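J.: sequence and predicted structure below; questions after.
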Amino acid sequence: MKRILVPTDYSQDAHDTLLYALEVACLTGSEIVLLHAFYQPVSYPLGQDYSAVVNELEREKTMQLEAYAHKVRRSFLCDFSLDFTSVAETGAREKGTLSKSGFHTVALDRMTARKAEVKIRCVCKFGFAPDEILKAADVHQVDLVVMGMRGDGALRRALLGRTTLHVMREAVVPVLAVPLHAPFVGFKSVVFAVDLFRLPTSAVLQALRQFVKLFNSHLQVLHLYHENSLEREKEKALAALSLLDFQLHDLHFEVDFKQVEDIAAGIQRYVQEQQADLLVLVPQKHPFLERLLGKSLTQTVWSTSDVPILALPGGIKEKVG
């Protein structure tokens, strides 16, 4: 993973999302492309070129964004930890400065220093946020988009956020939606909720495989169904299971079949039971996931969720059988 796109509107939610993305960047050695998309009425003297006015606005706002990024980077040097390593237990003297007593080596917490060193490229574009985010993901060839999960105003507690939802559906790279105030805890346990009767494409499974390997995650594939016959479910899912076996050939994973009345509630319950760190979905062209990411079910299922959602691009093949 080389580049992570992080949109910002300077809100506290966006700030928290940037801090989350910086944690991911530290683990993956990625750079951050920090994007601020803005739209405002533009007035300019008669005869002056409109594009020149827009370019000047973008330049000014880029300078403001760079100042903000610099402030964020400096904040890591204000709050830091010191690591005291016992020389008696480890014999390690090369990891830091020896304490006055000689009992410990003392070193600055490496994660703090690494966050301060992450490269942040600032980009400001005149336009509507959803469109500019998708354009920036393409222009800067990013590998991941990290966005906040909540909407603004009256939508804050009800929706993923219209912009985030739109980007999830339309992006050609994975999109990570982060809950409000969620700390980064890694992705040790990953749940991939998928309808096995609508086979994921090879591109989807390869994106999943790469993500799981990158973060050394434990993968659990979840298939929920309404029908009473488990044997029938297994038989109908054989083609999908063969595809999983082939595409995820070097991963250890489990496939769980769960009979439920409500798909969205079933996913939420399973994620909680497994204490998952991440839920992976494929929202494009998938009926029950479209409903899951819609207003009503998002309000009841995700309004109190602390689990990030990773939306994979690539679409879904036609239904089997």
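T.: Arrived safely, thanks for sending. Residues are numbered from 1 along each chain as shown.
J.: and Leu77, how far is that from Cys122?
T.: 19 Å (Cβ to Cβ, to the nearest Å). C-beta: built from backbone N, CA, C; applies to glycine.
J.: who has more neighbours, these two?
T.: A side-by-side neighbour count of Leu77 and Cys122, using other Cβ atoms under 10 Å, places Cys122 first with 20 against 12.
J.: enumerate every residue touching the closest residue to the more buried one other than its chain neighbours.
T.: Distances taken as Cβ to Cβ, 6 or more residues apart in numbering put Leu65 closest to Cys122, at 4.2 Å, once the chain neighbours are dropped. Residues near Leu65 by Cβ atoms under 8 Å, 6 or more residues apart in numbering: Thr8, Leu34, His36, Cys122, Val123, Cys124.
J.: which of the residues you listed fall in helices?
T.: Cross-referencing the contacts of Leu65 against helices under DSSP state H gives no overlap.
J.: export those to JSON lines and tack on pLDDT and distance to Leu98?
T.: Formatted as JSON lines, the entries for the contacts of Leu65 read as follows, by pLDDT from 0 to 100; distance: Cβ to Cβ, whole Å:
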{"residue": "Thr8", "pLDDT": "95", "distance to Leu98": "42"}
{"residue": "Leu34", "pLDDT": "98", "distance to Leu98": "39"}
{"residue": "His36", "pLDDT": "97", "distance to Leu98": "46"}
{"residue": "Cys122", "pLDDT": "98", "distance to Leu98": "40"}
{"residue": "Val123", "pLDDT": "98", "distance to Leu98": "45"}
{"residue": "Cys124", "pLDDT": "97", "distance to Leu98": "47"}
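J.: among the residues you listed, who's most crowded?
T.: Most crowded among those, counting by other Cβ under 10 Å, is Leu34 at 24 neighbours.
J.: which ones are touching it?
T.: With contacts defined as Cβ under 8 Å, 6+ apart, the neighbours of Leu34 are Val6, Thr8, Leu18, Leu65, Ala69, Ile120, Arg121, Cys122, Val123.
J.: try Thr112
T.: Contacts of Thr112 by Cβ under 8 Å, 6+ apart are Phe76, Leu77, Asp79, Phe80, Ser81.
J.: what separation is there between it and His181?
T.: If you measure Thr112 against His181 using Cβ to Cβ, the figure is 20 Å.
J.: contacts for stretch 128-135?
T.: 5, 7, 9, 35, 37, 39, 125, 127, 145, 147, 162-163, 166-167, 170-171.
J.: again, but for stretch 38-58
T.: So stretch 38-58 is in contact with Lys61, Cys124, Lys125, Phe126, Gly127, Phe128, going by Cβ under 8 Å, 6+ apart.
J.: how about the helices of the protein, start to end?
T.: According to DSSP H, the chain carries its helices in the segments 12-28, 50-75, 87-90, 110-117, 129-139, 162-170, 202-215, 230-236, 238-247, 263-273, 287-292, 295-301.
J.: between those helices, which one is closest to Pro308.
T.: When the helices of the chain are compared for distance to Pro308 using Cβ to Cβ, the nearest one is helix 12-28, at 8.2 Å.
J.: buried stuff in the closest one?
T.: Residues of helix 12-28 classed as buried by neighbour count (16 or more other Cβ atoms under 10 Å): 13-14, 16-28.
J.: likewise for stretch 120-136?
T.: The neighbour-count criterion (16+ other Cβ under 10 Å) identifies 120, 122-126, 129-134, 136 as the buried residues of stretch 120-136.
J.: now, among those residues, which is nearest to His223?
T.: Where the buried residues of stretch 120-136 are concerned, and distances follow Cβ to Cβ, His223 has its nearest neighbour in Leu134, at 30.4 Å.
J.: in the chain, which segments are predicted with low confidence?
T.: Within the chain, the stretches falling below the threshold (pLDDT under 70) are 44-47, 79, 90-96, 110, 150-161, 227-230, 233, 284-305, 314-321.
J.: domains in it, by residue range?
T.: Under the assignment automatic domain parsing, the domains of the chain span 3-78+113-170, 82-112, 185-319.
J.: now distance to Ala177 too, for those, in CSV please.
T.: Below are the domains of the chain laid out as CSV (distance: least, Cβ to Cβ, whole Å):
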stretch, distance to Ala177
domain 3-78+113-170, 4
domain 82-112, 24
domain 185-319, 5
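J.: rewinding a little: neighbour-wise, which of the contacts of Thr112 leads?
T.: Within those, most neighbours by other Cβ under 10 Å means Phe76, with 19 neighbours.
J.: beta-bridge partners for the spatially closest residue to Ala136 that is not a sequence neighbour, please?
T.: On the basis of Cβ to Cβ, 6+ apart, the spatially nearest residue to Ala136 that is not a chain neighbour turns out to be Leu35, at 5.0 Å. In this entry, Leu35 is beta-bridged to Pro7, Val123, by DSSP bridges.
J.: surely Leu27 and Asn216 touch.
T.: No. Here Leu27 does not reach Asn216: they are 10.0 Å apart, not a contact under Cβ atoms under 8 Å.
J.: next up, the contacts around Leu108.
T.: Contacts for Leu108 (Cβ under 8 Å, 6+ apart) come out as Phe80, Ser81, Leu82, Asp83, Gly96.
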